[in-house]
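[1] would you be able to build a 3D model of this:
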Amino acid sequence: MSHILKMYYGINVSIEETGYFRYQGELYYFCYIYDIASFMTVYRYYRYMMHQCGTQGFTLVKNHNQDIVSQNYILLIYHTSPFDFSNYLQNCLQPFPIPKMKVIDIKEQWIHKIDCVREKVKDYAYSFKHDQDTISLIYYYCGIGENSINVLNEILRIDQNAALSMSLSLSHPIQNYVHEIVNPCYYTVSTRARQIVCLLRSQLLTYENISELLESQYYDVYEIIYLYARILYPSHFFDLILNDKVTPEMIQNFYFHLHEERLMYQEMLRILSFYVTLPKISWINDENMV
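    Next up, the predicted model:
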């Protein structure tokens, strides 16, 4: 990775595992992009959002050939400027004028991912055969995922063609750093519910903030039910399991957050039930849930 940076940009530095590095007093981000076309779509929406927020965020740096892509790598430079989170929140949750995402397609994607995790657990059962707690935790989260599928089924019972508005969303929870929340590589075009859940898991939103958002912005019945499904669906855990570099210690770290997650399920059930009738999942209020 460093040799590509030196070859195409003339920058000879060590790059952190996260992709960030400092050079001549500026913060840069260098990373590999699997799908350049998809990234450029996200980047165009991202630049519009940054403009609406009155901040610059990151911009692409051209290489020696005046190209923005170097063997599928891109280089971004961070521009220090004021950042107003409340302004960001209002702008990033505005729906895009693009086709909506069908709930049935989301369901199929989630089922496929759960199946992949269940297949992967066979490898772990062999590799971690002396660590049954790790295997049990994986099955536990697969069960959570199945409950999220049941919530999606509630939407599909109402309307088989139900669809959700699209906007920019973080692809995963982040640290509480401005340069992460304005990094275009951390974004994808997805549902508004996904963005809310990522911000909540990043500890950038409170339950009170979510209540205020639901009051101040329009969310239809499908979106509110889907938000509950999205809270339950453990995509962050599944992404870790499907990472070839995962270790038992990384998986076991989730044990420390089980109580916190249980409270999250309960709080979101309380908030969202004010707007819609949600399917009852008995174990969420069961003292012996875990």
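[2] for the nearest residue to residue 161 once chain neighbours are set aside, what are its contacts?
    Nearest residue to residue 161, sequence neighbours excluded (Cβ to Cβ, 6 or more residues apart in numbering): residue 102, at 6.9 Å. C-beta coordinates here come from the backbone N, C-alpha and C atoms, glycine included. Shown in contact with residue 102 (Cβ atoms under 8 Å, 6 or more residues apart in numbering): 161, 162, 163.
[3] cool, residue 246 as well?
    residue 240.
[4] quick one: the strands in the protein?
    20-23, 26-32, 57-60, 73-79, 101-102, 163-164, 166-170, 187-191 (DSSP state E).
[5] quick check: angle from the fourth one to strand 26-32?
    Looking back up the chat, that one is strand 73-79. Between strand 73-79 and strand 26-32, the angle comes out at 160 degrees (axes from the mean of the first three to the mean of the last three Cα atoms, to 10 degrees).
[6] grab the nearest non-local neighbour of residue 159.
    Residue 159 sits nearest to residue 222 (Cβ to Cβ, 6+ apart), 7.4 Å away.
[7] for the chain, what spans make up the helices?
    2-9, 36-53, 85-92, 103-127, 132-158, 178-181, 192-201, 207-216, 221-232, 235-241, 248-252, 258-272 (DSSP state H).
[8] list the contacts of the first one.
    Going back to what we said before, that points to helix 2-9. 11-15, 30, 61, 63-65, 70-71, 73, 75.
[9] could you redo the last one with a cut-off of 6 Å?
    11, 12, 15, 30, 63, 64, 70, 71, 73, 75 (Cβ atoms under 6 Å, 6 or more residues apart in numbering).
[10] picking that back up, let's have the strands of the chain in TSV, adding distance to residue 280 and mean pLDDT.
    Shown next, in TSV, are these (distance: least, Cβ to Cβ, whole Å; pLDDT from 0 to 100):
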stretch	distance to residue 280	mean pLDDT
strand 20-23	45	92
strand 26-32	43	94
strand 57-60	42	96
strand 73-79	46	96
strand 101-102	26	96
strand 163-164	23	96
strand 166-170	28	94
strand 187-191	24	95
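[11] Throw the ones you listed into a markdown table and include distance to residue 230, thanks.
    Below are the strands of the chain laid out as a markdown table (distance: least, Cβ to Cβ, whole Å):
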| stretch | distance to residue 230 |
| --- | --- |
| strand 20-23 | 28 |
| strand 26-32 | 26 |
| strand 57-60 | 25 |
| strand 73-79 | 28 |
| strand 101-102 | 12 |
| strand 163-164 | 10 |
| strand 166-170 | 10 |
| strand 187-191 | 7 |
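[12] give me the neighbour count for residue 242.
    The number of residues packed near residue 242 is 13, by other Cβ atoms under 10 Å.
[13] ugh, wrong one, I meant residue 75
    For residue 75, using other Cβ under 10 Å, the count is 22.
[14] quick check: the gap between the nearest residue to residue 197 once chain neighbours are set aside and residue 155.
    Excluding the flanking residues, the one nearest residue 197 by Cβ to Cβ, 6+ apart is residue 230, at 4.9 Å. The spacing between residue 230 and residue 155, counted by Cβ to Cβ, to the nearest Å, is 12 Å.
[15] which one of these two has more residues nearby?
    Taking neighbours as other Cβ under 10 Å, residue 230 and residue 155 compare with residue 230 leading, 27 against 23.
[16] what sits against that one?
    Residue 230 touches 193, 194, 197, counting by Cβ under 6 Å, 6+ apart.
[17] how much space between the last one and residue 229?
    In this structure, residue 197 and residue 229 are 10 Å apart, going by Cβ to Cβ.
[18] ok, now the second one?
    The gap separating residue 194 from residue 229 is 11 Å, by Cβ to Cβ.
[19] having no further points to raise, I will conclude here.
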